[in-house]
Every structure is written in C-alpha cells, then in structure tokens.
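**Student:** compute the structure for the input listed below.
(one chain, ligands or ions: 1)
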Amino acid sequence: NHVSEQSFEERATTTSHPLSSYLFRLMALKKSNLCLSADVSTTNQLLSLADSIGPSIVVLKTHYDLISNWDYNPTTGTGARLARIARRHGFLIFEDRKFGDIGNTVQMQYTEGTAKIIEWSHITNVNMIPGKAAVDALAEAAIRWRERKQYEVKTDISVGTPRAESIDSDGEDDTVTPIPESNLEIERAGRKASIVSITTVSQHFEPVNSPRSHEDYEEEVFEGIEEAPMDRGLLILAQMSSKGNFMNAEYTSACVESAREHQGYVMGFIAQESLNREPGDAFLNMTPGCQLPPEQDDEDAEIQGDGKGQQYNTPAKIIGLGNDIVIVGRGIIFAADPVREAERYRRKAWEAYEERIA
Ligand code: S5P
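**Tutor:** Numbers count the residues shown, from 1 in each chain. This is a model prediction of the structure:
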C-alpha cells in the first residue's frame, strides 16, 4: 500500500509520533530494520548481548521477567544499565510486557511496582483482550509520566543519570562476556559511511558500580544519533505468529481503530502484515516469528516452527508484506556467532526493504 512504498526517511517526516520519527531516522542512519528479541536468563547475558548486537539493531526487545537476577534499582539496576547501552549504540528498548488487564491495573503495572517499566523502556505493548480501555489507560499514564519528567528536568530535582556502562562483574555470579574490540569499532561491512566519526562522551561520564577510573571508559557513539526523545510509545498486539491464535480479523480491526484514537502514543502494531489500511494511516508494523534458513541452505527453504506453536517466516517474506521491522530471537541468540548472524539478518531485512521501496 501507499505507506510501504515510502522510504523510512520520508516516514520520519510524515509521522506525528515523536518516537516513531526518531526510530525511522535511526533505521535510515543504521540501515537496519532489525529488532533483537533478547530472551535470555541473566542480567549479564542481557547486557552483553545488547552491547555486542547493538550496532546491528534499532530496537532491543526484552521480557524482563525472564531475567532471574533483574536488579530493580532505578539508577544502577538492569533497566538503567540497559538504557545506557541503548543510548550509546542508538537503539530503542521495547519491553514486551503484553499488558492485559483492566485500565487501573495496567497503569500501575506500567509505572509502579518492581520493574517501573516506563522508566527504562521506550516502547511497550498491550494485549487488547480486556478492551480499548487498557490502551486509553496506558496512554493516560504515559502523559502523566512525561509531565512529571519534564517538571523534574525543569526544576533539576532528578539525580543525574550516569552516561556510560561497564559490563564488569558486579558481584553477580554470571560469567562476564568481554566485549570484543571489533564491536567497539562499530564497523560493519558496507556501513562505514553512515558513521561519521567517533566522539567521546567521557566528559559526561560518571562510572556506576565500577572499580575502574574515568579514563578507562572512552565511550564511542554513533555520531548523528541524538538521544531518543523523552516520549513513550505503545504497540498494539493485533496479530500473532503462533499457530491457532484467537486474533481474528474483527479483533485486528478493533486494534487498528484504537490506534487511530491515540496517534500521539500508539506507534503501531505487532502484526503479521501491514495494518496501514486507510489513506491517513501511518503506523509502524513490527513482526515476530522470523528466521532464516542456515547459510548453506536454499534461501527459500521452508522453516520449521519451534514445536511449541511458534511459526516462522523469512525477513524477505515479512518485509515484502509491508511490515517494517523484523523481530528475531533464537535465530540470532542460538547461532554459533550471534554478532555475525545478526548482521546477516540485518542485511536480508534491509535488502527486502530496499526492494520494496524501489
Ligand atoms: O505474535 C507474537 C508476538 C510476540 S511479541 N509472537 C512472538 O513470538 N512474540 C515474541 O517474539 C515472543 O514472546 C518472543 O519473545 C519473540 C520471538 O522469539 P523467537 O525466538 O521465536 O524469534
């Protein structure tokens, strides 16, 4: 349809959602429409993965409740540390919380409780089964949160957030994976041109929980990527990848209607096809259930499901259907070389996008 023929640069200027606009610019700059689903079990696994795959992705999806030692501290905890890695590599964090309760409960789950998801996750999602009120309630909570944040910044009552991240052993019993040198160079085949130069941000730097000195951390960032705006966004789970799911066409249409009612907050959908159906629609479509056949195999080979209801399509098929971002978990995480495999997915999904807009 109309939207899927537009470039991400164009969509960055036409969308009314500030976070979508930022994300589209990030996609164009990093030449990536890949989201990593970081479904791992410990904080160090999560942070190491985020740091090593960061250069290839534009979104990192979490399930914080899979992490056995999630640290809830608002400035030194897992969410805050992940947010710093995200800022350095230029990607957004998406907590795949799939809220699914009455409005009042989802508001509290989003902003309060142990994880305080809204503090560290730019994007989250909702399972609209309880009705549109769940979306209304999350939108309201996000507006209130933003007003409070703006007040804090204006009156400078917030504690300064540290700017850099170390994946040092911090007393947890995980094994620490060292960050290979090559990742710090943020150099991936054919993409050097999009990275203008390396800047240090050490002057903003306060080490967290770290025995090392300031000088040890010369942070490298993608130049041209400014910090994400202080906005939050929602994706509505409108279609699922799992076999026999109950999200029928009528349900999906109700999700689209709700998105149209909250264009300042809802960025788009988790879906299997583009849900931009009417001329005014300009939503983002993100699609899980994505794997590639092994490198040596036929590109068009059928990909088996996971035996637990998950069904897979290739990046070429998913992006060809008008979706914007592919979400890949085990396809990358379980690869012998996840960094290299993430680049293979990024390249395939990006080629499919380029073909689509050509
Ligand atoms: O329809 C869906 C929606 C989601 S968010 N199907 C999915 O698989 N997901 C999530 O995407 C799922 O919770 C998991 O985190 C990821 C897919 O992981 P993979 O290992 O199968 O790629």
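
**Student:** helices of the stretch 151-300 of the chain, start to end?
**Tutor:** Under the criterion DSSP state H, counting those that start in this stretch, helices of the stretch 151-300 of the chain are mapped to 181-184, 249-261.

**Student:** of all those helices, which lies closest to the ligand?
**Tutor:** helix 249-261 (12.0 Å; CB to the nearest ligand atom). Heads up, the C-betas are built off the backbone N, CA and C, glycines and all.

**Student:** what does this protein put close to the ligand?
**Tutor:** 37, 39, 63, 96, 240-242, 270, 288-289, 310, 327-331 (CB under 6 Å from any ligand atom).

**Student:** excluding sequence neighbours, find me the nearest residue to the closest residue to the ligand within the stretch 251-358 of the chain.
**Tutor:** The ligand sits closest to G329 of the stretch 251-358 of the chain, with a gap of 2.6 Å, by CB to the nearest ligand atom. Spatial nearest neighbour of G329, excluding adjacent residues (CB to CB, 6 or more residues apart in numbering): S37 at 3.4 Å.

**Student:** partner residues bridging that neighbour?
**Tutor:** Residues in a beta bridge with S37, per DSSP bridges, are K61.

**Student:** how far away is it from A134?
**Tutor:** To A134, S37 is 23 Å away according to CB to CB, to the nearest Å.

**Student:** ok, now T78?
**Tutor:** Distance, T78 to A134, using CB to CB: 26 Å.

**Student:** regarding this structure, what is its longest strand?
**Tutor:** Ranked by residue count, the top strand of the chain under DSSP state E comes out as strand 92-99.

**Student:** mind listing residues that contact that one?
**Tutor:** With CB atoms under 8 Å, 6 or more residues apart in numbering as the test, strand 92-99 has contacts from 19, 22-23, 26, 35, 37, 58-64, 82-83, 86, 106, 109-110, 115, 117, 120-127, 134, 138, 228, 235, 237.

**Student:** pick the most deeply packed of the helices of the stretch 151-300 of the chain.
**Tutor:** Ranked by mean neighbour count, the helices of the stretch 151-300 of the chain are led by helix 249-261 with a mean of 16 (mean count of other CB atoms under 10 Å).

**Student:** elements contacting it?
**Tutor:** Applying 3 or more CB pairs under 8 Å, 6 or more residues apart in numbering; DSSP states H and E, one finds that helix 249-261 contacts helix 133-155, strand 233-237, strand 266-270.

**Student:** which of these is buried the deepest?
**Tutor:** Ranked by mean neighbour count, those are led by strand 266-270 with a mean of 28 (mean count of other CB under 10 Å).

**Student:** what's next to that one, contact-wise?
**Tutor:** Strand 266-270 is contacted from outside by 17, 19-20, 23, 123, 125, 135, 139, 233-240, 255-256, 258-259, 275, 283-288, 324, 327, using CB under 8 Å, 6+ apart.

**Student:** weed out the non-buried ones from the residues of the chain next to the ligand.
**Tutor:** Buried by 16 or more other CB atoms under 10 Å: 37, 39, 63, 96, 240-241, 270, 288-289, 310, 327-329, 331, out of these.

**Student:** before we move on, the earlier item: need the helices of the stretch 151-300 of the chain in TSV (columns: mean pLDDT and distance to L92).
**Tutor:** Below are these laid out as TSV (pLDDT from 0 to 100; distance: least, CB to CB, whole Å):
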stretch	mean pLDDT	distance to L92
helix 181-184	30	19
helix 249-261	98	18
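
**Student:** picking that back up, which residues touch the residue nearest to G329?
**Tutor:** Residues counted as contacts of S37 (CB under 8 Å, 6+ apart) are 61, 96, 288, 327-329.

**Student:** and those, which two are furthest apart?
**Tutor:** By the measure CB to CB, these have their two most distant members at D96 and V328, which lie 13.1 Å apart.

**Student:** pLDDT on stretch 22-35, on average?
**Tutor:** Averaging pLDDT along stretch 22-35 yields 96.

**Student:** meant to ask about stretch 274-282
**Tutor:** Across stretch 274-282, the average pLDDT comes to 95.

**Student:** start to end distance for it?
**Tutor:** Stretch 274-282 has an end-to-end distance of 10 Å (criterion: CA to CA, to the nearest Å).

**Student:** and that stretch, how far out from the chain's middle?
**Tutor:** Put simply, stretch 274-282 sits 22 Å off its chain's centre (CA atoms, centre = their mean, to the nearest Å).
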